[in-house]
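>>> next come a sequence and a model predicted from it.
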Amino acid sequence: MERYAWTLRVSAADKDRATVFARTQQYSVGAPVQFDAAYDAITALEYVLGAIGADMVNGFRALARKRQVEVDHVEAVVEGELNNPLTYLGVVGESGHPGLERVSVKVYIASLATEEEIRRVWQEMLARSPLVQTFQPVIRFELSMQIVL
Amino acid sequence: MDKPILVGAVLYNPKVSVIWDIIGEFFQDNGCPIDTVFYTNYELQVEALLKGHIDVAWNSPLAWLDAQRQSGSTCRAIAMRDTDRDRVSYLITKAQGRVKTVEDLRGKTVAVGAKDSPQATLIPLGLLQRHGLQPGRDVQVRRFDLMVGKHGDHIGGELEAFQSLAAGEADASALVDLNWQTWTQDGTINPHEYTILATTEPFDHCCFTVRADFPLEREQQFLRALFSMSYDNPKHREMMDLEGLKAWVPGRTSGYGLLHEATERQHFFAGTQT
């Protein structure tokens, strides 16, 4: 196989922001992590969690289309937990690390297809998802799917 | 530019760091830059203060006593919240229960917070001692050691102590007046089912503490900025609401006598190094 890599450019911007340039697109990222609900940017951690959810939602939808399984809507709720967020803040005396400890993704699928058809697409999506396959072996990765009508 | 004043604070919840971020910005804007150093417990913070790793410590009342104990009473309490002054703790019991006086607790069980909580353990047990009841001998103590080292900053211990009373596992429980007010208003405690059995003498809570050698001009710079915070200023109000105060007031040490007495009677610092 020939090697294939993606290259993004990340440039420091105002305050605690960075601008990410990916191909012809760009987006802004805030602090690595934030605990202030009113913080006015999306953090790096939130982008990771959002990316996991988007990978699954879009991956499922694309595969369902390919397998001719009709789907009305797909939505995911993603929850992430750090091993010890206090270590991110540099709290003296804390142990552990600021890395992701657990990610839980619950995907809601609105479809009139049979459960068997949906589950087949779901399994294929999990097997082919770059982010699921990256995180599943290294953290507590709780995935579930619910069919809603 | 002035070197920032290093301020220590104990952090048990990352959300609390947001308050310190806001306070840091306020100090910066008022010509007194500070850097906050977080500690996982008060023991580490007191050690850092006395070793000169930090200039100012936001101390619990027990950490204040510890700093005084270890420094030969040379530290200074320079400021506190208005709400840190004259707090009281309550022993509460079931309104329809058999316990009507503190003396009725003889042979009974009292639920308290973490072992190092001034308001939910040390001072309430001191109240029992003042009534001639020795914890562990005359009264069984059921302790809820949540987040030891945080000196009762976390309300979990007090809440579990109350739940123990509610479940009938204890005959009374201890809590600070502010939690009684909050919990009887938000439905956690039904004020018709529970009653205040006894109230402690007033005591003071947290204070900003400095070492004896902290330069007075730096202290004044810090206090000028701190005391310029005004509840009438909408920009300051959010920060003050988050910290639970209406005004910063000068530190005083007269409100720590009750806790000092309790730590002595209960040999709290016995065996710890100075």
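Good, I have the coordinates. Numbers count the residues shown, from 1 in each chain, chains lettered A, B, ... in the order given.
>>> give me the residues contacting the longest helix along chain A.
Of all segments of type helix in chain A, defined using DSSP state H, the longest is helix A:44-66. Counting by Cβ atoms under 8 Å, 6 or more residues apart in numbering or on different chains, the neighbours of helix A:44-66 from elsewhere in the structure are A:29-33, A:42, A:70-71, A:74-80, A:82, A:100, A:103, A:105, A:107, A:109, A:111, A:113, A:118, A:121-122, A:124-125, A:128-132, A:135, A:143. For glycine as for every other residue, the C-beta is placed from the backbone atoms N, C-alpha and C.
>>> can we see that at 7 Å?
A:29, A:32-33, A:71, A:74-76, A:78, A:80, A:103, A:105, A:107, A:109, A:121-122, A:124-125, A:128-132, A:135 (Cβ atoms under 7 Å, 6 or more residues apart in numbering or on different chains).
>>> residues contacting the closest residue to B:Asp138 other than its chain neighbours?
For B:Asp138, the nearest residue in space outside its immediate sequence neighbours is B:Arg106; the separation is 5.2 Å by Cβ to Cβ, 6 or more residues apart in numbering or on different chains. The contact partners of B:Arg106, by Cβ under 7 Å, 6+ apart, come to B:133, B:138-139.
>>> the closest residue in space to A:Gly30 that isn't next to it in sequence: neighbour count?
The spatial neighbour of A:Gly30 that comes closest, neighbours along the chain excluded (Cβ to Cβ, 6+ apart), is A:Ala41 at 2.8 Å. Other residues within reach of A:Ala41, judged by other Cβ atoms under 10 Å in any protein chain shown, total 15.
>>> in three-state terms, label A:Ala41 for me.
A:Ala41 carries the three-state label coil when classified by DSSP: H, G, I helix; E, B strand; the rest coil.
>>> got the contact list for it?
When contacts are counted by Cβ under 7 Å, 6+ apart, A:Ala41 touches A:17, A:28, A:30.
>>> could you report the separation of the residue lying closest to B:Asp66 once chain neighbours are set aside from B:Lys150?
Here the nearest residue to B:Asp66 in space, its sequence neighbours aside, is B:Val46; by Cβ to Cβ, 6+ apart that works out to 5.0 Å. From B:Val46 over to B:Lys150 the distance is 13 Å, taken as Cβ to Cβ, to the nearest Å.
>>> re earlier: and the residue nearest to B:Asp66, how far from chain A?
Spatial separation of B:Val46 from chain A under the definition Cβ to the nearest Cβ, to the nearest Å is 12 Å.
>>> go on, B:Ser228?
B:Ser228 is 24 Å from chain A, where distance means Cβ to the nearest Cβ.
>>> mind pulling up the pLDDT for B:Lys235?
On pLDDT, B:Lys235 comes in at 85.
>>> and for it, the neighbour number?
Other residues near B:Lys235 come to 10 when the count uses other Cβ under 10 Å.
>>> quick one: it and B:Leu223, what's the gap?
Taking Cβ to Cβ as the criterion, B:Lys235 is separated from B:Leu223 by 20 Å.
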